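> quick one: sequence and predicted model below, then my questions.
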Amino acid sequence: MRKITHYILYILIAFTAFLNIQCSGNRKEKTPLPELAHAESVMFDHPDSALHILEAMPMPSARWDKENHALWCLLLTQAQYKQVMRRM
């Protein structure tokens with residue numbers, strides 16, 4: 001009885017490891033939109049230019065492109081904050 005339990009446990013562990021390998025291989029690294037990458041690259045030196053880039057581009061859809069939408073929101077907030085801090 002003990003051997004059967006061990007075999008079942010080994011099979012479950014092997015199956016779980018196999019699924020983890022398969023699932024991690026299916027993930028695609030999303031690259032940010034070119035406008036977002038450009039806005040991020042100029043953010044620290046020229047936040048006003050980054051704000052202009054972000055306001056000129058259409059907002060990425062939160063439903064279909066969550067990563068780019070989140071990055072757009074983050075960069076827009078960061079650029080707006082830097083504009084306010086610059087005026088003080």
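That came through fine. Residues are numbered from 1 along each chain as shown.
> need the contact list for the residue most central in space within the chain.
The centroid of the chain falls nearest to residue 67 when counting by CA atoms, centre = their mean (4.0 Å). Residues near residue 67 by CB atoms under 8 Å, 6 or more residues apart in numbering: 30, 32. In short, each C-beta sits where N, CA and C put it, glycine included.
> now do the helices in the protein.
Taking DSSP state H to define them, one finds helices in the chain at 2-26, 34-42, 47-56, 66-87.
> the ones you listed: lowest mean pLDDT?
Of all the helices of the chain, helix 2-26 carries the lowest average pLDDT, namely a mean of 70.
> quick one, phi/psi of residue 45?
Main-chain dihedrals, residue 45, degrees, to the nearest 10: phi -90, psi -40.
> which residues sit in contact with residue 83?
47-48, 51.
> which of these are buried? Put it as a PyMOL command.
Applied in PyMOL, the following selects the buried portion of the contacts of residue 83 according to 16 or more other CB atoms under 10 Å:
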select buried, resi 47+51
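> and of the contacts of residue 83, the nearest to residue 78?
residue 47 (7.6 Å; CB to CB).
> for stretch 1-16, the distance to its chain's centre please.
Taking CA atoms, centre = their mean, to the nearest Å, one finds stretch 1-16 lying 37 Å from the centre of the chain it belongs to.
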